[in-house]
Each structure stands twice: as structure tokens, then as C-alpha cells.
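Trainee: here is my input, please return the structure:
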Amino acid sequence: MAEPRSTEGAALAGQIAEIPGEVLGIIRNGFTVAATLPEETQRRALQVIVRQIERAGGSVDTDAVVGATGLNRREASRLIAALSTTVGLLTESSATASDFVTAGRGKIFDDSQAATAEAIASHIVSQRAELQKSMARDNLANTVLPSLTSFDVAVDLRFKFRDHQVEDSVAVAVVHIGTDTRYQRIWLQLSRHDVQRIVEKLGATLKQMDAVEAITRQPPKDTTG
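Mentor: Below you'll find the model as predicted:
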């Protein structure tokens, strides 16, 4: 196993060495999943994950990766772990894809997956500046209060019975909200009216956020005239 020769590669190796063993296992499984994907599907999955990280600063929707790859949720979660870890390692340094391969070989991926790892790392390095900017904005947005890490929704159908016969039925949204605070998770159910009301409020909120951010993008007024 080759030891990293560059300063950046040595720093990567040090960060990888600090990853807990159980997490390393998940990441290795993720690279195994990545290596089994056709090149086009692998590239599409990486684009989805990078795009979501750019927009959300670190949060990745498992369902989006399932839709892009056809993987089941378990496989998609492992793929996300591998690719998100690679993004994290490479956006916090100036290491090259070659540095990453040298530092991670035999630790977070096997020798047989080195070509896959290098292709993934090369794509991330090519977008490093934009990813760094997105993560910096996310850190600003996530200060002070707990932040959203997952939002899962399933639709349930509830039945009302009379004398063992179905008399009525109604659709219900079952929601799980996760945050980056260990003990702050919420499970709740929403009626159709609740969902419509939330969508309307969030739509209005998004427009308000656009308006606020537009103010900061306005050029300074010329006071020299």
C-alpha cells in the first residue's frame, strides 16, 4: 500500500484514519456499489449528489439518488456515504484526485475500485470552488438553531368501518423530520388540507427569501455625484 507523498495527501490520510471503523465499512460498501454501476449511471448519481450539496450545503435526499440510479434505499444510502465523504475530504483541502486515491486505497475503497474512486474524485475536484462556496453559505445558514437533515414523507390510507364494511377512507401524509440535534426529531401526520396549507406557506416564504437575497445583490449606490 503506497503512502501519500504530498502534504495534501498526508493530510487526507490523517483525516481518513480518524473515521470510525463502522463508518468506514459503510463507505467501503458505498464504493463497492459505485463500482458496480454503469459509468453513465455512476456519473448521474454523482451529479445528483453534488448538485444537492451545492444547493443544500450537505444534505442529500436518498430518494433522489434512488430515482437517478435504480438502487434500493439501502444501497443508495451507502453510495451517498461514499460520495459525500469524498466531497467532504476534497472540498476541505487542495488535494488532487491522485492524492485521494493514494490516501484512500485499501482504507475506504479496495484496489479494484481505484479507477472508480479517481473518476469520482476528479469530478469533485473540478467543482471544488463552487462546492466550497455552497458549504460556506450552509454553515452561515445553520448557525445557532438546529437544522434540517432529513424530511421523509409517506402516504397512508385510513379506513372508517361500519359493521365490518368500509364506510369511508382518507389519505394521510406521514412525516418524519430529522435535525442535526440528536434528540430533536419529529413524527407527525398531515391531512390533505395541512399539506396544501404548508405548500402555500412555503411557496410564499421562498418568494420572501428571494426578495431578501436580492437586496444584498444590489450594487452599492454611487454617492460621488
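Trainee: starting at the chain centroid, how far to the top helix by length along the chain?
Mentor: Longest helix of the chain, by residue count under DSSP state H: helix 192-217. Distance of helix 192-217 from the chain centroid (CA atoms, centre = their mean, to the nearest Å) equals 22 Å.
Trainee: what about the most centrally placed residue in the chain, which SS state?
Mentor: When CA atoms, centre = their mean is applied to the chain, the residue found nearest the centroid is Val60 (2.2 Å). Secondary structure, DSSP: H, G, I helix; E, B strand; the rest coil: Val60 is coil.
Trainee: correct me, but it touches Ala82?
Mentor: No. Shown here, Val60 and Ala82 do not form a contact pair, counting by CB atoms under 8 Å, at 11.6 Å. For every residue, glycine as well, the C-beta is placed using N, CA and C.
Trainee: if we can go back for a sec, list the buried residues for the longest helix of the chain?
Mentor: Neighbour counts over helix 192-217 (16 or more other CB atoms under 10 Å) mark Val195 as buried.
Trainee: repeat for stretch 85-92
Mentor: So stretch 85-92, judged by 16+ other CB under 10 Å, has buried residues Thr85, Thr86, Val87, Gly88, Leu89, Leu90, Thr91.
Trainee: kindly report the same for stretch 163-180.
Mentor: Buried, per 16+ other CB under 10 Å, within stretch 163-180: Val172, Ala173, Val175, Gly178.
Trainee: wait, Ile49 sits on Ala82?
Mentor: No. The criterion here is CB under 8 Å, and Ile49 misses it with Ala82 at 9.7 Å.
Trainee: rewinding a little: columns secondary structure and pLDDT on top of the buried residues of stretch 85-92, output as a markdown table?
Mentor: Listed next are those as a markdown table, based on DSSP: H, G, I helix; E, B strand; the rest coil; pLDDT from 0 to 100:
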| residue | secondary structure | pLDDT |
| --- | --- | --- |
| Thr85 | helix | 88 |
| Thr86 | helix | 90 |
| Val87 | helix | 85 |
| Gly88 | helix | 83 |
| Leu89 | helix | 87 |
| Leu90 | helix | 87 |
| Thr91 | helix | 82 |
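Trainee: could you pull out the strands for the protein?
Mentor: 148-162, 165-179, 185-190 (DSSP state E).
Trainee: of those, which is nearest Arg105?
Mentor: Smallest distance to Arg105 across the strands of the chain (CB to CB): 30.3 Å, for strand 148-162.
Trainee: okay, Ser98 and Ile108: tell me how far apart.
Mentor: Using CB to CB, to the nearest Å, one gets 15 Å for the distance from Ser98 to Ile108.
Trainee: quick revisit: and which of the buried residues of stretch 85-92 is nearest to Ala103?
Mentor: Using CB to CB, Leu89 comes nearest to Ala103 of the buried residues of stretch 85-92, at 8.3 Å.
Trainee: which pLDDT value does the model give the closest residue to Ile177 other than its chain neighbours?
Mentor: Distance criterion CB to CB, 6 or more residues apart in numbering; nearest residue to Ile177, sequence neighbours excluded, is Ile186 at 4.3 Å. As predicted, Ile186 sits at a pLDDT of 90.
Trainee: good, we can wrap up now.
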